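Novice: Need a 3D model of the sequence below.
(2 chains)
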Protein chains: 2
Amino acid sequence: MGVMVDGGPAHGAFDQATAVRRTGDGRYEMQPDPRFSPASPSGDVQTAVNGGVLIAAMLRAVLDTSPHPHPVVTNAHFLRVPRIAPAQVVVTWLKQGKTAAVARTSLLQDEQLMIESTIATGSLAGGAADPALPDAMRDAQLLSWTGEPPSLPPIGECVPVEAAGGIRDQVDLRLDPATAGWLKRNPAGIPEMRGYFRLRDDRPPDAYLLAFAVDALPPVVFGLGAFGWAPTVELTWHMRAVPAMGALRVAARCRRVGGGWFDEEAEVWDSAGHLVAQSRQLARVGR
Amino acid sequence: MGVMVDGGPAHGAFDQATAVRRTGDGRYEMQPDPRFSPASPSGDVQTAVNGGVLIAAMLRAVLDTSPHPHPVVTNAHFLRVPRIAPAQVVVTWLKQGKTAAVARTSLLQDEQLMIESTIATGSLAGGAADPALPDAMRDAQLLSWTGEPPSLPPIGECVPVEAAGGIRDQVDLRLDPATAGWLKRNPAGIPEMRGYFRLRDDRPPDAYLLAFAVDALPPVVFGLGAFGWAPTVELTWHMRAVPAMGALRVAARCRRVGGGWFDEEAEVWDSAGHLVAQSRQLARVGR
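Specialist: The predicted structure follows:
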C-alpha cells in the first residue's frame, strides 16, 4: 500500500483527479479522470483527459521530493494519449541545486511512455529582499517589473460556458464576448481566447491549478472555425508567482497557424493583478 | 575515428562551433567554441559559450538520425555551465511517429550532465496542400494565419553593436535605437531588445542559426540596467517555418521580472516576412 502524496478523497474533483500514490522510490501511481475530458464545441466529450490535469499530477509527484517548493518550469511532450486506466509516474532528479532543481518525469501506461516531462523547481516566495543577502544579490532579488495585463471586460459582461459534460462540468469559464463567437458557431476570425477561470467548486488557485489553467481554455483555433480535436504536441509553462485567492484571468493568443501546426501562448493573471503563469504550446490543427 | 555529421572546417566559424562527430550509436562529440562566448556591456568576454550555439550542436546530433527534417520543439535545461573542453552528446529516441518524433538529448562533460534537452522533430515543408491527402486533412494543412510582425526601423537607422571579442566578433547585430541605450550605459527602462541579426560572414539562416538567433540578443534586462551575467535556467524554442535568405529580425521582450527571475520571449522573422521561430527562456537576474 502506497502513501497518498496529496489530494485525498476529502478534496474536490480536481484534487482527486491529480492525486498520486507513492508506490516506490521515485515511483507513483495516478488515475486519469474522465471528469476532466475536453469537450468539442457541440459538447461531445473526448476519451482523452486534459493535458494540464495530467501535468498537475506529475507535478505532485515531483514536489513530493523537491528541495524547492514551486514548479518554475514545466516542459511536457505528449507522445501518446493516455487511456482512462491507471498510470505510473516516474521521477528522476537530474540536479538539485540551491536555486533550482531539475527532474525528468515520465508518465507511463503498460510500460509505454505517454508523457515525457522535464520540470525545474525553485522558490518564488517573496519579492522583498532578504536582509541577510549580500548587496549585489539583494539588488537582483529586488528588481521588479511587469508588463501590461490583458484587457478583459468585467466578469458580469462575459459569456459563461455552460456545463455540458466532461471538463465543462468542472470549470466555471466566463469568456470575453470578443472571443466567444465560436460557441454559436460564429467564430470571430481571430485565434484568441480570453476569460475568467475558476473551478465550479471554487477550489483556490495554486501551482496545480495553474498547470490546468494554462491548458483549460478551448483551443485558440476555435476562433478560426477549426473545431476538430487539436492534439498538443508539446506544452511548456512557467510559474511566475504564487497566485492570490479568486478567479484567474487567462488570455491566450496564437502567433502562427501553418502547415498543420499552431502555437498557443497563454498568460494567467491572478485577482491581485500579478502575472502568475506563462505558457506556450505547439499543437496540430484539428481535423 | 568518428564521422563528421555536418559542418566541417570548410564552413565558417558557426558551423565549426556547432559541428558534431559521431563516436557511437546515438553518441557524438563536440567542442564548445570560445568564439561564441557572450560579452558584457563593457566588452568583458565570459568563459561560457552561448547556450543557443550549444543547442545548435545538439540539434545536429538529433537530426542525424531523425525521421523528420525540422526541430519543431526544443526544450533545454542548463544544469551546469559547460567548459571550453570536449563534450559528449547522447541522443535517445523516445518516439518516432508519422507527424513528430521526440528525442531526449543530453550534453555531458566528464560524465556530468551539463544540458538536458528534449527535442521534437517534424516537417515544416510547404504550406500548400498535398492533393493526395483526404479532404479533412487538407483543410487542416491549408489553414494559415499569422500575427503582426514586430515593428523595426529600417536597418540603416539601427545601431550596430561593434565587434569587441567573443560573440560580438561573429554576429552582425543592428539594434533598434529604442532598445540600444544600454550600449552607452543609458538603458531605456524597458526590458526589450529588437534588432536585425546575421552572422558577419553572412552564413544563410537555417534551423541551426535559428537556435542561435533566439538566444543571441543581449539579455532584455540590460534595458533595465541589470548588466550582470544572466544565466539561463531553461529555454524552449519552436521552429515555425524554414527561413528565407537574408538578415533575421529578432524581437525580444520580458513580461515579468521578480524574485531574481525573469522571462525573455523572442520572435524571429525572416526577410520574407514569415514568423520562423518563437522562444521563451527563464533566467536569473545578473548580479
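Novice: got the residue ranges for the helices in the stretch 51-200 of chain A?
Specialist: When secondary structure is read from DSSP state H, counting those that start in this stretch, the stretch 51-200 of chain A shows helices at A:51-64, A:135-142.
Novice: I'd guessed A:Asp172 sits against A:Arg198; true?
Specialist: Yes - counting by C-beta atoms under 8 Å, A:Asp172 sits close enough to A:Arg198 to count as a contact (5.2 Å). (Each C-beta comes from the backbone N, C-alpha and C, glycine too.)
Novice: and for the two, which residues touch both?
Specialist: When C-beta atoms under 8 Å, 6 or more residues apart in numbering or on different chains defines a contact, the residues bordering A:Asp172 and A:Arg198 alike are A:Ala247.
Novice: I'd like the helices of the stretch 51-200 of chain A written out as a markdown table, with distance to chain B added.
Specialist: Supplementary listing: these in a markdown table, determined by distance: least, C-beta to the nearest C-beta, whole Å:
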| stretch | distance to chain B |
| --- | --- |
| helix A:51-64 | 13 |
| helix A:135-142 | 4 |
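Novice: nearest to B:Arg284, of those?
Specialist: helix A:135-142 (7.3 Å; C-beta to C-beta).
Novice: Now do the closest one, average pLDDT.
Specialist: Rounded to a whole number, the mean pLDDT of helix A:135-142 is 68.
Novice: again with stretch A:251-269
Specialist: When the per-residue pLDDT values of stretch A:251-269 are averaged, the result is 97.
Novice: tell me which residues of stretch A:201-209 are tucked away?
Specialist: Of the residues in stretch A:201-209, those buried by neighbour count under the rule 16 or more other C-beta atoms under 10 Å in any protein chain shown are A:203, A:205, A:207-209.
Novice: which one of those residues sits closest to chain B?
Specialist: For the buried residues of stretch A:201-209, the closest approach to chain B (C-beta to the nearest C-beta) belongs to A:Ala207, at 14.8 Å.
Novice: The closest one: what's it in contact with?
Specialist: By C-beta under 8 Å, 6+ apart, the contact list for A:Ala207 reads A:59, A:63, A:70-71, A:239.
Novice: Ok, A:Ala57 next?
Specialist: Counting by C-beta under 8 Å, 6+ apart, A:Ala57 makes contact with A:17-20, A:30, A:89, A:107.
Novice: Let's have these in TSV, adding neighbour count, pLDDT and distance to B:Trp93.
Specialist: Supplementary listing: the contacts of A:Ala57 in TSV, determined by neighbours: other C-beta atoms under 10 Å in any protein chain shown; pLDDT from 0 to 100; distance: C-beta to C-beta, whole Å:
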residue	neighbour count	pLDDT	distance to B:Trp93
A:Ala17	24	97	31
A:Thr18	27	98	29
A:Ala19	22	98	32
A:Val20	29	98	27
A:Met30	24	98	26
A:Val89	28	98	21
A:Leu107	26	98	18
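Novice: now, among those residues, which is nearest to B:Asp139?
Specialist: Nearest to B:Asp139 out of the contacts of A:Ala57 is A:Leu107 (C-beta to C-beta; 31.6 Å).
Novice: okay, now A:Val171: neighbour count?
Specialist: 21 (other C-beta atoms under 10 Å in any protein chain shown).
Novice: how close does the residue nearest to it when sequence neighbours are not counted get to chain B?
Specialist: If you skip the residues right next to it in sequence, A:Val171 has A:Ala216 as its closest partner in space, 5.9 Å away by C-beta to C-beta, 6 or more residues apart in numbering or on different chains. From A:Ala216 across to chain B, the span is 20 Å (C-beta to the nearest C-beta, to the nearest Å).
Novice: which residues does A:Ala216 contact?
Specialist: By C-beta under 8 Å, 6+ apart, the contact list for A:Ala216 reads A:50, A:52, A:167, A:171, A:173, A:197, A:250.
Novice: who touches the fourth one in this structure?
Specialist: With contact taken as C-beta under 8 Å, 6+ apart, A:Val171 is in contact with A:161, A:197-200, A:216.
Novice: Could you point out which of these is nearest to chain B?
Specialist: Checking the contacts of A:Val171 one by one against chain B (C-beta to the nearest C-beta), the nearest turns out to be A:Phe197, at 18.5 Å.
Novice: so that closest one makes contact with A:Asp215?
Specialist: No - with contact defined as C-beta under 8 Å, A:Phe197 and A:Asp215 do not form a contacting pair (10.8 Å).
Novice: Would you mind listing what in the stretch 1-150 of chain A touches chain B?
Specialist: Counting by C-beta under 8 Å from any C-beta of the partner chain, the residues of the stretch 1-150 of chain A close to chain B are A:72-73, A:75, A:77, A:79-80, A:94-95, A:97, A:99-100, A:102, A:104, A:113, A:116, A:118, A:120, A:122-127, A:136-137, A:139-141, A:143-147.
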